[in-house]
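K.L.:
sequence unknown, structure follows:
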């Protein structure tokens, strides 16, 4: 299990960056040092004992637009995007790399 945390507004900035790319999948790494999305460090706040690398559909991530605190929760080939303030949860399949 791994968690990556995005403070308020950072998630929306990440989605804006992801919207400029054309590939179908997004590569995400959650490490002890931070969250890396498409080879760019985007957050330094994580909770994990191991490093995880996986990919998810870009279109699924772009549907999670919010300006609140967001937690990425990866466990057993599933990524959950949790908006902490609104209490919303979006789950999507993830493929380990």
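P.N.:
Sure thing, it's come through. Quick caveat: nothing in here was measured; it's all calculated off a predicted structure. Residues are numbered from 1 along each chain as shown.
K.L.:
for the chain, which segments count as helices?
P.N.:
Taking DSSP state H as the test, the helices found in the chain are 10-18, 58-62.
K.L.:
for the last one, packing partners?
P.N.:
Here helix 58-62 is seen to pack against helix 10-18, strand 25-30, strand 88-93 when contacts are counted using 3 or more CB pairs under 8 Å, 6 or more residues apart in numbering; DSSP states H and E. No exception for glycine: its C-beta is placed from N, CA and C like everyone else's.
K.L.:
contacts made by that helix with the rest, please.
P.N.:
For helix 58-62, contacts defined as CB atoms under 8 Å, 6 or more residues apart in numbering pick out 15, 18-19, 21, 23-26, 81, 90, 92.
K.L.:
need those residues in CSV with pLDDT, can you?
P.N.:
Shown next, in CSV, are the contacts of helix 58-62 (pLDDT from 0 to 100):
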residue, pLDDT
15, 89
18, 87
19, 82
21, 80
23, 86
24, 92
25, 94
26, 93
81, 92
90, 89
92, 92
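K.L.:
buried only: go through the residues you listed for me.
P.N.:
Buried by 16 or more other CB atoms under 10 Å: 15, 18, 25-26, 81, out of the contacts of helix 58-62.
K.L.:
so who does residue 1 touch?
P.N.:
Here residue 1 is in contact with 48, 73-75 (CB under 8 Å, 6+ apart).
K.L.:
mind putting these in TSV, neighbour count, distance to residue 1 and pLDDT included?
P.N.:
Below are these laid out as TSV (neighbours: other CB atoms under 10 Å; distance: CB to CB, whole Å; pLDDT from 0 to 100):
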residue	neighbour count	distance to residue 1	pLDDT
48	16	7	94
73	18	7	93
74	21	7	94
75	12	5	90
